[in-house]
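Chemist: using only what follows, build the 3D model:
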Amino acid sequence: MTGPDLQATLKAEILAARLEGALRADPDLAAIWRAEAAVQEACASAWLEDLPLRPEDLLCRAFRDEIGDPDRDRAAIAATAILRGLHSPGDLRDDTAVVMKRIWALGGDTGPSPFTPEHLDALRQDLRTAPGPILAGLAVAHRVGLIAAGAPACARLAFVAADHALRGAGGFMIGDADPHDLVRAPRGAWVLQPSLALVDSGFRLWSVSRPDTVAALLAGLTHTLARAMGSLPMHRRWLNRARHARDTAHGSSHMPDLVRLLMIQPIIDTADLAKAAGITSRSALRLIDTATDTALIRKITYRNTYRAWATEPCAKLLGLA
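Modeler: Presented below is the predicted three-dimensional model:
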């Protein structure tokens, strides 16, 4: 891989550092932004695999009451795997073998993992010697792409895992989960969205092996990072409204319980709230109606048998606000 343009790399890295700092300063803001960013990245990764998918098709799939389109369902299954990897990337630097085995299972082809002990040592060396997260991501993605040439989704997940490893690390989510559960309390510390960078303004092919495609990726990363910084005020406004509703609730109100739940879980139903607050489903529904009236949440399903609500920022991502 030819070294990327230094000025373009620094421009993107400065924006990434600003975003990282803003998210570290407010964990609630970080959880909200990263949940939505993961959905965007997972859908963009599916698009790069020629599997068109919208966020609402991914997150609302479990709430449908009819048989879905087979192609859209295949795209949702692929994106769900990516979403799982983004939710909790693991520690690529110190637990390389386990993380790469998981990345292969989520974004790779069938069969055993192609990553040998020598490959894993080389990936660790890439992380140790890289001067920053973006260059680490490029180096790791390039190496993974050479080893698993037929699984570009693996390389993109490894790119994010490298970013996460140099900004912070955490454990995996254990057990099965629907897509809307994979935006609950994200454990990632990443801020880079390589797939979105390639589809956000036009459509470019994924490759980190040529100077022109690396330059396109860096330009896309710069654009998505700038847009992410621009989205933070909207998220902060919602957080301020939610915190105000929590802090001004009367003593017997369960509004603080609802706000605490929404801070870590942007999509909820009455059962989620009833369990979290220790109240009946009817009381949970009344509380949800109050939150809907004050624009904290919005209904995202149109069924009476199974209803779900999302925070206003999440509803906007779904095209419902």
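Chemist: C-alpha from now on. contacts and neighbour counts both.
Modeler: Fine.
Chemist: which stretches of this protein have low pLDDT?
Modeler: Low-confidence segments of the chain, defined by pLDDT under 70: 1-3, 62-68, 169-185, 302-306, 321.
Chemist: pick out the residue closest to the middle of it.
Modeler: Taking Cα atoms, centre = their mean, the centroid of the chain lies closest to residue 38, which sits 1.3 Å from it.
Chemist: what about that residue, helix or strand, and which?
Modeler: According to DSSP states H and E, residue 38 maps onto helix 27-48.
Chemist: quick one: list the elements packing against that helix.
Modeler: Where contact means 3 or more Cα pairs under 8 Å, 6 or more residues apart in numbering; DSSP states H and E, helix 27-48 is packed against helix 6-25, helix 55-59, helix 70-87, helix 194-199, helix 211-247, helix 255-264.
Chemist: quick check: angle from that helix to helix 211-247?
Modeler: 140 degrees (axes from the mean of the first three to the mean of the last three Cα atoms, to 10 degrees).
Chemist: list of residues touching helix 27-48?
Modeler: For helix 27-48, contacts defined as Cα atoms under 8 Å, 6 or more residues apart in numbering pick out 23-24, 52-55, 58, 75, 78-80, 82-83, 86-87, 153, 183-186, 188, 191, 193-196, 199, 205-206, 232, 235-236, 239, 263-264, 266, 314, 317.
Chemist: would you write a PyMOL line that selects the buried entries of those?
Modeler: In PyMOL, this line selects whichever of those come out buried by 16 or more other Cα atoms under 10 Å:
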select buried, resi 23+52+53+54+55+58+75+78+79+80+82+83+86+87+153+183+184+185+186+188+191+193+194+195+196+199+206+232+235+239+263+264+266+314+317
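Chemist: and the gap between the residue nearest to residue 199 when sequence neighbours are not counted and residue 288?
Modeler: Spatial nearest neighbour of residue 199, chain neighbours left out: residue 44 (6.5 Å); criterion: Cα to Cα, 6 or more residues apart in numbering. Here the distance between residue 44 and residue 288 works out to 32 Å (Cα to Cα, to the nearest Å).
Chemist: ok, the two, which is more surrounded?
Modeler: residue 44 (26 against 23; other Cα atoms under 10 Å).
Chemist: and the gap between the more buried one and residue 193?
Modeler: 9 Å.
Chemist: if we can go back for a sec, reformat the helices and strands packed on helix 27-48 as a markdown table; add distance to residue 102.
Modeler: Shown next, in a markdown table, are the helices and strands packed on helix 27-48 (distance: least, Cα to Cα, whole Å):
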| stretch | distance to residue 102 |
| --- | --- |
| helix 6-25 | 25 |
| helix 55-59 | 21 |
| helix 70-87 | 8 |
| helix 194-199 | 19 |
| helix 211-247 | 25 |
| helix 255-264 | 24 |
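Chemist: ok, which of those comes nearest residue 110?
Modeler: Residue 110 lies closest to helix 70-87 among the helices and strands packed on helix 27-48, at 13.2 Å (Cα to Cα).
Chemist: check which helices and strands the closest one sits against.
Modeler: Using 3+ Cα pairs under 8 Å, 6+ apart: helix 70-87 touches helix 27-48, helix 55-59, helix 96-107, helix 152-167.
Chemist: how about residues contacting that helix?
Modeler: Counting by Cα under 8 Å, 6+ apart, 35, 38-39, 41-43, 45-46, 51-53, 57-58, 103, 106-107, 153, 157, 160-161, 173, 178-179, 182-183, 186-188 sit against helix 70-87.
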